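Undergrad: below are the sequence and a predicted model for it; my questions follow.
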Amino acid sequence: MKASPDPIEASGGLPGDPFDLPGGPDAALLLHGLTGSPFELWPVARRLNARGVRCRGPLLAGHGGDPRVLAGVGWESFVAGARRELLALEGARRTLLVGCSMGALVACALAHELPSRVDGLALLAPAFRLRAPGALAAFLARRTPLARLAPLWPKLGGSDVRDQAMRRANPSMGAVPLRAVGALADLARHVEGLLPAIAAPVLLVLGGRDHTVSSAGARRAARRFGRWPCRVVELERSYHLVGIDVERERCADEVVRFFDGIPVARERRG
């Protein structure tokens, strides 16, 4: 069996730090998932940047440090931080939002709030519906005092990534704040109500063996987007973090192909 490539080499040598890769005239904002980091989107960012796209991958609010800090952050702060990052890309000819899991929900919220600044949405394993035990954790966080009594849940086995080398290299938090899972569920509920009004074209990439989010929930959401049909791609061998998993090259290919198909407006809207 062929050995897996070194994950850091495969990802371009970048750990979980924020990045801003120069390019233009087009731009992409890449948003990671809950307890994650920009590492989850680095292979996609490299591929887009190789096509001349400026790629900005920030750390969302509460991330990059002690998970106990994340426990005190509501979903509104995730969206507010991402909004500032999107506004930093002002002047781009076309702007693509790429979101992984929770980041996909944040991307949808921004596309609804700032339609003139978003030309396309690439949603990687969006967290519209959690599988167990995530769904149970969200229920306990929102309906019981357990979030106060047992605020952190360890990530047994690490990230939901099939590629073992990339799983080891992924610098995600080692524990999940229960309150943050509740915030994620609240964000999903909020975003689902916005979907019919989102006007940007949408690509949805699913992991065929995702243990974290429900593909049925994502497919249901795909049917609710407004003006444009949503293209759905399933990566049959991948787990949840499709951007860094065993089919990451195909994932990046799909995002680039999607972005290439978005027409350049004669002038920037709004």
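TA: Sure, I can see it.
Undergrad: contacts and neighbour counts: CA atoms only from here.
TA: Will do.
Undergrad: what residues sit buried inside the strand or helix carrying residue 188?
TA: With secondary structure defined by DSSP states H and E, residue 188 is part of helix 178-192. Residues 178-188, 191-192 are the ones in helix 178-192 that count as buried (16 or more other CA atoms under 10 Å).
Undergrad: thinking residue 43 is in contact with residue 241, fair?
TA: No - with contact defined as CA atoms under 8 Å, residue 43 does not reach residue 241; the gap is 11.6 Å.
Undergrad: looking at the two, which is more packed in?
TA: residue 241 (29 against 22; other CA atoms under 10 Å).
Undergrad: give the pairing partners of the helix or strand following the helix holding residue 188; include direction for each.
TA: The first helix or strand that comes after helix 178-192 along the chain, using DSSP H and E, is strand 202-207. Partners of strand 202-207 in the sheet, by DSSP bridges, are strand 120-124 (parallel), strand 230-235 (parallel).
Undergrad: contact partners of the last one?
TA: Applying CA atoms under 8 Å, 6 or more residues apart in numbering, the contact partners of strand 230-235 are 201-208, 219, 222-223, 242, 247, 251.
Undergrad: only C-alpha atoms, please: export it in CSV.
TA: Taking Å, rounded to 0.1, in the frame of the first residue of the first chain, the C-alpha atoms of strand 230-235 are listed here in CSV:
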residue,chain,number,x,y,z
CYS,A,230,-27.6,24.2,-5.4
ARG,A,231,-25.1,21.6,-6.8
VAL,A,232,-24.4,18.8,-4.5
VAL,A,233,-21.2,16.7,-4.7
GLU,A,234,-20.6,13.7,-2.4
LEU,A,235,-17.1,12.5,-1.7
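Undergrad: how about the strands paired with strand 202-207 in TSV, adding mean neighbour count, mean pLDDT and distance to residue 170?
TA: Below are those laid out as TSV (neighbours: other CA atoms under 10 Å; pLDDT from 0 to 100; distance: least, CA to CA, whole Å):
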stretch	mean neighbour count	mean pLDDT	distance to residue 170
strand 120-124	27	97	17
strand 230-235	16	95	20
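Undergrad: a markdown table please, covering these and showing distance to residue 27.
TA: Formatted as a markdown table, these follow (distance: least, CA to CA, whole Å):
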| stretch | distance to residue 27 |
| --- | --- |
| strand 120-124 | 11 |
| strand 230-235 | 21 |
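Undergrad: can you report how many residues lie near residue 50?
TA: 12.
Undergrad: what of residue 240?
TA: Neighbours of residue 240 (other CA under 10 Å): 26.
Undergrad: hmm, it is touching residue 167, no?
TA: No - using CA under 8 Å, residue 240 makes no contact with residue 167, being 11.2 Å away.
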